[in-house]
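Engineer: A predicted structure for the sequence below; I have some questions about it.
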Amino acid sequence: MSVVHGIPGQPVDVYVNGKKTLSNFQPTKVAGPLSLPAGSYDVALTKPGGSVDSPIIENKSLAVPGGKNLSLVAHLTADGKPALTPFVNDTSMIKPGMARLVVRHTAAAPAVDVRADGKVAFADLTNPKQASADLPAGSVKADVVLAGTNTVAIGPQTLNLQAGTETIVYAIGSAKDKSLALVAQNLTGLGEAPGGMPAGTGGQAASGGSGWWFAGAGAGLVLLIVGMALMLSRRPHPVSRH
C-alpha cells in the first residue's frame, strides 16, 4: 500500500492500528509501498505530534485486499472536507508499445473532461472518481475542459508517456482556495514482451512525489491541472460514474 498526501498546507502523522508509521508527512508526497497482510486496518491521520485519539481524519475499517496494489489518498472532497479514499491500482500487463495513463479527481473542484489530441479521453470526471486508458507510448497533446463543453481550462500541453509504465496523476487541493496541484505516482515493469510474455516485475515498484512533477509527463499535467481554479469556479455538471 502506498499513501498519497493531497491535503494542502497540513502535514500529518500517519497511524496504522494505533502505531505511527509516518511522521510529519508533507502534502504532495507519496510514501510506500508498505507491505500489509490482507485484512481490515484502522488508519488515522493526526497533526504532527498530535494524539491518535484526536485524528484529522480516520478510516477505522480500511479493507486491504490480498495480492493487490493499493493507493490510499488523503484529500479534500468536492465540498472541501478531508477524506481518505482507497484506490486499487491496475497492475495488469500493458501491450508492447503502450503506456497506461490514470487520472484521479481528488480535488475540491467541479467536473472536467480530459482530452487527448482533441478527443475526449476522460469525460465528466468528478471527485473521487478515476478514469484510465492504455495509450500508444510517445507524445500526446492533452488539455482540460469544463465537463460537457469546449471551454479550455488550460492547455494543450504535450505529454510524453513511456512504454510499459503506468502514470497515475492526482488532482489535489481546492479551486476556491487556488491551491490546486498535482501528485504523481509511477508503476513500472508492466510491459509485455513482443511475444506476449510479461517483462519486468509485474508493477510492484511504485514511486512518486513532488520532485517528479517537472519531468516527463508530469510537467504537462501540472500545467493542465494547476491553475484550474481560474476556470473551474463555475457550476458543477451532473455526475457520471466510471
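Structural biologist: Done, it's in. Numbering: from 1, shown residues only.
Engineer: where does residue 103 fall, phi/psi-wise?
Structural biologist: Here is the backbone geometry of residue 103 (degrees, to the nearest 10): phi -120, psi 130.
Engineer: can you check residue 128 too?
Structural biologist: Its backbone dihedrals place residue 128 at phi -110, psi 50, with angles given as degrees, to the nearest 10.
Engineer: And it, how close does it get to residue 1?
Structural biologist: Applying C-beta to C-beta, to the nearest Å, the value for residue 128 to residue 1 is 17 Å. C-beta here means a position set from N, CA and C on the backbone, and glycine is covered the same way.
Engineer: Residue 7 now?
Structural biologist: Look at residue 7 and residue 1: by C-beta to C-beta, they are 18 Å apart.
Engineer: After the helix or strand harbouring residue 142, which helix or strand is next?
Structural biologist: When elements are defined using DSSP states H and E, residue 142 is found to belong to strand 138-146. Helices and strands here follow DSSP H and E; after strand 138-146, the next one along the chain is strand 152-161.
Engineer: helices or strands up against that next one?
Structural biologist: strand 98-105, strand 138-146, helix 217-225 (3 or more C-beta pairs under 8 Å, 6 or more residues apart in numbering; DSSP states H and E).
Engineer: Report the rounded mean pLDDT for it.
Structural biologist: Along strand 152-161, the predicted confidence averages to a pLDDT of 71.
Engineer: circling back: for residue 128 and residue 1, indicate the residue with more neighbours.
Structural biologist: Comparing residue 128 with residue 1 by neighbour count (other C-beta atoms under 10 Å), the higher total belongs to residue 1, at 21 against 17.
Engineer: Hmm, the more buried one is touching residue 37, no?
Structural biologist: No. The pair residue 1 / residue 37 is not scored as a contact, 10.9 Å apart, by C-beta atoms under 8 Å.
Engineer: any common contacting residues for the two?
Structural biologist: Taking C-beta atoms under 8 Å, 6 or more residues apart in numbering as the contact criterion, the common neighbours of residue 1 and residue 37 are residue 64.
Engineer: Now name the helix or strand holding the residue nearest the centre of the chain.
Structural biologist: For the chain, the residue lying nearest the average C-alpha position, counting by C-alpha atoms, centre = their mean, turns out to be residue 170 (2.9 Å). Assigned by DSSP H and E, residue 170 belongs to strand 166-172.
Engineer: who does that strand touch, helix- and strand-wise?
Structural biologist: The elements that strand 166-172 packs onto, with contact taken as 3+ C-beta pairs under 8 Å, 6+ apart, are strand 69-76, strand 98-105, strand 181-187, helix 217-225.
Engineer: One more pass at 6 Å, please.
Structural biologist: Counting contacts by 3 or more C-beta pairs under 6 Å, 6 or more residues apart in numbering; DSSP states H and E, strand 166-172 is packed against strand 98-105, strand 181-187, helix 217-225.
Engineer: Which of those has the lowest mean pLDDT?
Structural biologist: helix 217-225 (a mean of 40).
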